[in-house]
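Student: need a 3D model of the sequence below.
(2 chains)
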Amino acid sequence: MATAQSRPLLTIGKYAALLGYLSFALFPLYWLLKIAITPDQLIFSEGTQLWPSSLTLDNFRTVLFQTDFLAYFGNSLYVSLGTAAATTLIAAGAGYAFSRFDFGGKRIIIAAMLITQMFPLLMIIAPIYKIVASLGMLNSLTSLIVVYTAFNIPFATFLMQSFFDGIPKDLEEAAMMDGCSRFQALRKVIFPLTLPGLGATLGFVFTAAWSELLFALMLISKNEAMTFPVGLLTFVSKFSVDWGQMMAAGVLALIPSCLFFIFIQRYLVQGLTSGAVKG
Amino acid sequence: MPGRSRARRSLYWHYMVEPFLYLSPGIFLIGTVMMIPLIIGISYSFQSIELLNPFNTGWVGFENYQKLWSDRKFWLALENTFWWTFWSISFQFLLGLGLAMLLNTRFFGKKLFQALVFLPWAVPTFLSALTWAWLFNPVIGPLPHWMAALGILSEPYNIMGDPELAMWGPIVANIWFGVPFFAITLLAALQSIPGELYEAAEIDGASPWQTFTKITLPFLAPMIAITVMLRTIWIANFADLIYVMTGGGPANSTQIVSSYIFTTAFRKLDFGYASAIAVALLGILLVYAVILLWLRKKLVKI
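Tutor: Purely as a prediction, here's the structure:
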């Protein structure tokens, strides 16, 4: 048993690799937090130290109570939640149709959705700007929600389809035999089973919308309508940057998307697996 | 007879009407927000549309493309796009595959580990760009000092100010951000490989390397092909990190085609020329996708 003898070495190697991945993933996040809690006068002198010699929460206090951060944060929350809800609802319908029906034009529609994943989104930034401007919707958060929803529908649809594919057709067919309409079967039998899938899609779209920058930069210029990436970026270019406050704002902005993500990442793997199993 | 026509009607309902009830909102939004602007965008590339110069508007035929052909910045950006995409995708894929294989084994604290190691994916791009820019900063950031201490750099200088090396700043940030995506998709594919295959291989005395090349890789191949293709296209279009970290500088050494599109549209408000660059990029990516799909068909016979 050659493998049994080399096992200790293999195990050590494995845990070393795990540790390597973990530190690579967490190091920048740790540094972000470190700068946020370092007092201003130490940021330059102790730039390379792993741990600052004194700590402060001043940056967080300033960011929360003396800047527009909370407004940006609220705007971002509104846009991301709106996008996530709208996308998940629409993508669940489309994914269900792809999973359960065979219909005329199915291949063409799937191909069209794939194409939307291939062309540079920046390609439509100029037309979208002109359309939104002619509708008088510049600086409106609703226009951002509509644009983000459309961008996210294709991937969310494929994700939802793979979740639906993982649920046996017999279940709703049995319910329909028993006299349910398809929609009732969908609501009573299938919906509870896709909750993880809906959660995964919701979280995925939320994080995507939460961090979108370039379209928001183009469509939003009024301070009170800025989402958090736009707000912070203009913060960088407008004033001499207070890095501590900047990073404190960053840490705060990180919280919702990370919470969402930690919650959904298991379902994401699960969803992709169930689709893959069915082939 | 009535039974048959009812059957036909229900068939019609089932094939032509019912699916579209579920699909129509999605089709409508994609059509109006993506497909129509795409067509408008292509038409822009044959026009002169400069918001800063509103009198110089109208159809100009291929003028934008001629300008593009002799635009040195564009060719440089194209070359940069190639290296940016190549190094990003290679490292993301290899590290992602390693991580997925680790996560497919059993170890203590796996659930927590998985949640933490996937975290970079959830960090807003803008924020990871700022953080990495900070880490690479020679005055206040730790990396140049540590690299100098290890002898990789002769002295802690600004990597992102050096045209030869500047691209590595955004590339490292991109690798950090993108490894989880590959790990997630490849882990899903790994978990769908039937366990009996590995048991049989063990009974037959196959070495770990043989198991990897004879079972794992062939099973993963379709997933690898599709994710690598989609990600390549996505990364080639991904301008956020570069826009925030270097703004395309120094001396355009980190300008990729998509960041060039954005600066042309957003800073110069020259929509016609920006659209022409975008159409060129779209053409190149389409050729790439066709080649890769053709290769996949040849290599993976499923």
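
Student: number of residues surrounding residue 58?
Tutor: You didn't pick a chain, so chain A it is. The number of residues packed around A:D58, counting by other C-beta atoms under 10 Å in any protein chain shown, is 14. For every residue, glycine as well, the C-beta is placed using N, CA and C.

Student: meant chain B actually
Tutor: B:G58, neighbours per other C-beta under 10 Å, totals 9.

Student: so where's the chain uncertain?
Tutor: This is for chain A. Scanning chain A with the threshold set as pLDDT under 70 gives A:1-6, A:47, A:235-241, A:271-279.

Student: I was thinking of chain B, sorry if that wasn't clear
Tutor: B:1-9, B:14-15, B:300-302.

Student: mind naming the longest helix for it?
Tutor: For chain B, the helix with the greatest residue count under DSSP state H is helix B:72-103.

Student: tell me the helices and strands packed up against that one.
Tutor: helix A:7-36, helix B:110-117, helix B:168-191, helix B:217-236, helix B:257-266, helix B:271-299 (3 or more C-beta pairs under 8 Å, 6 or more residues apart in numbering or on different chains; DSSP states H and E).

Student: redo those as TSV? Include mean neighbour count and distance to B:D71.
Tutor: Output for the helices and strands packed on helix B:72-103, formatted as TSV (neighbours: other C-beta atoms under 10 Å in any protein chain shown; distance: least, C-beta to C-beta, whole Å):
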stretch	mean neighbour count	distance to B:D71
helix A:7-36	15	36
helix B:110-117	16	42
helix B:168-191	24	22
helix B:217-236	18	18
helix B:257-266	25	9
helix B:271-299	18	9
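
Student: out of these, which is closest to A:G95?
Tutor: helix B:168-191 (16.6 Å; C-beta to C-beta).

Student: the next helix-or-strand element following that closest one and chain A in contact?
Tutor: Remark: after helix B:168-191, the chain's next helix or strand is helix B:195-203, criterion DSSP states H and E. No. Between helix B:195-203 and chain A, judged by C-beta under 8 Å from any C-beta of the partner chain, nothing touches; the nearest distance is 8.8 Å.

Student: how about helix B:195-203, which residues are buried there?
Tutor: B:A201 (16 or more other C-beta atoms under 10 Å in any protein chain shown).

Student: for whichever helix or strand comes after it, list the C-alpha coordinates in CSV.
Tutor: Per DSSP H and E, the first helix or strand lying C-terminal to helix B:195-203 is helix B:208-211. Once non-C-alpha atoms are left out, helix B:208-211 reads as follows in CSV (Å, rounded to 0.1, in the frame of the first residue of the first chain):
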residue,chain,number,x,y,z
PRO,B,208,-3.6,9.2,-8.2
TRP,B,209,-2.2,10.7,-11.3
GLN,B,210,-3.8,8.1,-13.5
THR,B,211,-7.1,8.6,-11.8
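
Student: could you list every helix and strand in contact with helix B:208-211?
Tutor: helix B:195-203.

Student: run through the residues that contact the closest residue to B:L165 other than its chain neighbours.
Tutor: Leaving aside its sequence neighbours, B:L165 sits nearest to B:I159 (C-beta to C-beta, 6 or more residues apart in numbering or on different chains; 4.9 Å). By C-beta atoms under 8 Å, 6 or more residues apart in numbering or on different chains, the residues touching B:I159 are B:F136, B:P138, B:P144, B:L153, B:L165, B:A166, B:W168, B:G169.

Student: and the third one, what helix or strand is that in?
Tutor: In the assignment (DSSP H and E), B:P144 maps to helix B:143-149.

Student: ok, and the most crowded of the contacts of B:I159?
Tutor: That'd be B:G169 among the contacts of B:I159, by other C-beta under 10 Å, with 26 neighbours.

Student: buried ones in the longest helix of chain B?
Tutor: Applying 16+ other C-beta under 10 Å to helix B:72-103 flags B:74, B:76-78, B:80-81, B:84-85, B:87-89, B:91-93, B:95-103 as buried.

Student: now check the helix holding B:P144, is it near chain A?
Tutor: Yes. Using C-beta under 8 Å from any C-beta, helix B:143-149 reaches chain A at B:H145, B:W146.

Student: buried residues in that helix?
Tutor: B:L143, B:P144, B:H145, B:M147.

Student: kindly report the same for stretch B:113-132.
Tutor: Those would be B:113-114, B:116-132, for stretch B:113-132 by 16+ other C-beta under 10 Å.

Student: quick one: A:E46 is in a strand?
Tutor: No. If the criterion is DSSP: H, G, I helix; E, B strand; the rest coil, then A:E46 is coil and not within a strand.

Student: tell me the contacts of B:L282?
Tutor: So B:L282 contacts A:M118, A:F119, A:P120, A:M123 (C-beta under 8 Å, 6+ apart).

Student: among the residues you listed, which are in reach of chain B?
Tutor: Okay, of those touching chain B (C-beta under 8 Å from any C-beta), that's A:M118, A:F119, A:P120, A:M123.

Student: touching, the last one and B:L38? I think so.
Tutor: Yes. Between A:M123 and B:L38 there is a contact at 6.7 Å, judged by C-beta atoms under 8 Å.

Student: more crowded one of these two?
Tutor: Under the criterion of other C-beta under 10 Å, the comparison of A:M123 against B:L38 puts A:M123 first, with 27 against 20.

Student: tell me the SS of that one?
Tutor: When classified by three-state DSSP, A:M123 comes out as helix.

Student: any idea how far the nearest residue to B:Q92 once chain neighbours are set aside lies from A:P52?
Tutor: Among residues not flanking B:Q92 along the chain, B:G178 sits closest, at 4.1 Å (C-beta to C-beta, 6+ apart). Separation of B:G178 from A:P52 (C-beta to C-beta, to the nearest Å): 30 Å.

Student: check B:L94 too.
Tutor: 35 Å.

Student: cool, A:Y96 as well?
Tutor: Distance from A:Y96 to A:P52, counting by C-beta to C-beta: 53 Å.

Student: with B:L190 instead?
Tutor: B:L190 is 41 Å from A:P52, by C-beta to C-beta.

Student: what does A:P127 give?
Tutor: Look at A:P127 and A:P52: by C-beta to C-beta, they are 48 Å apart.

Student: those two: which has the busier surroundings?
Tutor: A direct count of neighbours by other C-beta under 10 Å for A:P127 and A:P52 places A:P127 higher, at 21 against 17.

Student: quick check: phi and psi at the more buried one.
Tutor: phi -60, psi -40 (degrees, to the nearest 10).

Student: roughly how far is the strand or helix carrying A:P192 from the heart of the chain?
Tutor: Assigned by DSSP H and E, A:P192 belongs to helix A:191-193. Its chain's C-alpha centre and that of helix A:191-193 lie 23 Å apart, by C-alpha atoms, centre = their mean, to the nearest Å.

Student: close to chain B, is that helix?
Tutor: No. Using C-beta under 8 Å from any C-beta, helix A:191-193 stays clear of chain B, coming no nearer than 13.4 Å.

Student: which residues touch that helix?
Tutor: Here helix A:191-193 has contacts from A:I167, A:L171, using C-beta under 8 Å, 6+ apart.

Student: following the chain onward from it, which element is next?
Tutor: Assigned by DSSP H and E, the successor of helix A:191-193 is helix A:195-211.

Student: name the residues of that next one that are buried.
Tutor: A:196-211.

Student: near chain B, which of these show up?
Tutor: A:T207, A:W210, A:S211.

Student: contact partners for the residue nearest the centre of chain A?
Tutor: Centroid check for chain A by C-alpha atoms, centre = their mean gives A:T207 as the closest residue, at 1.7 Å. Counting by C-beta under 8 Å, 6+ apart, A:T207 touches A:S257, A:F260, A:F261, B:W121, B:A122.

Student: switch the cut-off to 7 Å
Tutor: A:S257, A:F260, A:F261, B:A122 (C-beta atoms under 7 Å, 6 or more residues apart in numbering or on different chains).

Student: for the helix or strand harbouring the third one, the distance to its chain's centre please.
Tutor: Secondary-structure element containing A:F261, defined by DSSP H and E: helix A:243-278. In this view, helix A:243-278 has its centroid 7 Å away from the chain centroid, taken as C-alpha atoms, centre = their mean.

Student: if anything else comes up later, I'll come back, but that's it for now.
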